[in-house]
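What would the 3D arrangement of this be:
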Amino acid sequence: MNASQLFTIGHSNHSFERFSELLRQHKIMALADVRSAPYSRSHPDFNREFLKIKLAEAGVAYVYLGRELGARPEDPRFYQQGRVQYRMLAQSPDFLAGLERVIKGAQSYRLALLCAEKEPLECHRTLLVARELAALGVPVIHVHADGSLEAHADAMTRLVKLLGLPEVDLYRNKDEMIADACALQEARIAYVNEDLRQEA
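Predicted coordinates for the structure are as follows:
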């Protein structure tokens, strides 16, 4: 698939004004919201309807893709012992359709994936969505809360180091170590549906 580079960003605890500054700083023209539940009690500026209006006023396009690319699917098939499974989700038709929409959008807009978490490594936008985009050859860049940028490959190397794993060893190459690191991090941060866990 042919696509321009993509960005990711978390709204964190930013004010909308600060968030807008980050978008302007990196010339972001459109946001694809990948939150399953695009609402925040503590940060109502980022509730879906309000956000769409405020972004339009700032000249930024907005599309909601939480159903396709969110990390809390309704379908119980994507859970094991109540925990969502990113690898299963990545193969679903809805997810693949969402990736196609993002890639197509990035051909026309300087586009960023929006989620909530400040730290990219604590978020499915990195461990699931960006990982699949990178596998398709799409350059992905993460925007940090301070405005600094981190290439997805560098974020994956940082994850391996944070988890205390070697970047390579005698039996596994770097890609395999990154896959191991992602699996460990997914087990730590992936959404757990308590109702499904109790049924398991």
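
Do I have it right that residue 39 meets residue 47?
Yes: using C-beta atoms under 8 Å, residue 39 makes contact with residue 47 at a distance of 4.8 Å. C-beta: built from backbone N, CA, C; applies to glycine.

so what's the residue nearest in space to the middle of the chain up against?
Centroid check for the chain by C-alpha atoms, centre = their mean gives residue 125 as the closest residue, at 0.9 Å. Contacts here follow C-beta atoms under 8 Å, 6 or more residues apart in numbering; on that basis residue 125 touches 8, 10, 34, 113, 114, 115, 117.

and the gap between it and residue 174?
Residue 125 sits at a distance of 22 Å from residue 174 (criterion: C-beta to C-beta, to the nearest Å).

Model confidence at residue 153, what's the number?
As predicted, residue 153 sits at a pLDDT of 97.

Rebuild the contacts of residue 125 as TSV, extending it with pLDDT and secondary structure.
Below are the contacts of residue 125 laid out as TSV (pLDDT from 0 to 100; DSSP: H, G, I helix; E, B strand; the rest coil):
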residue	pLDDT	secondary structure
8	98	strand
10	97	strand
34	98	coil
113	98	strand
114	98	strand
115	97	strand
117	96	coil
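
circling back: disregarding residues adjacent in the polypeptide, which is nearest to the residue nearest to the centre of the chain?
Distances taken as C-beta to C-beta, 6 or more residues apart in numbering put residue 115 closest to residue 125, at 4.3 Å, once the chain neighbours are dropped.

Tell me which residues of whichever strand or helix holds residue 160 come out buried.
Taking DSSP states H and E as the criterion, the element that holds residue 160 is helix 152-162. Within helix 152-162, the residues scored as buried using 16 or more other C-beta atoms under 10 Å are 152, 155, 156, 157, 159, 160.
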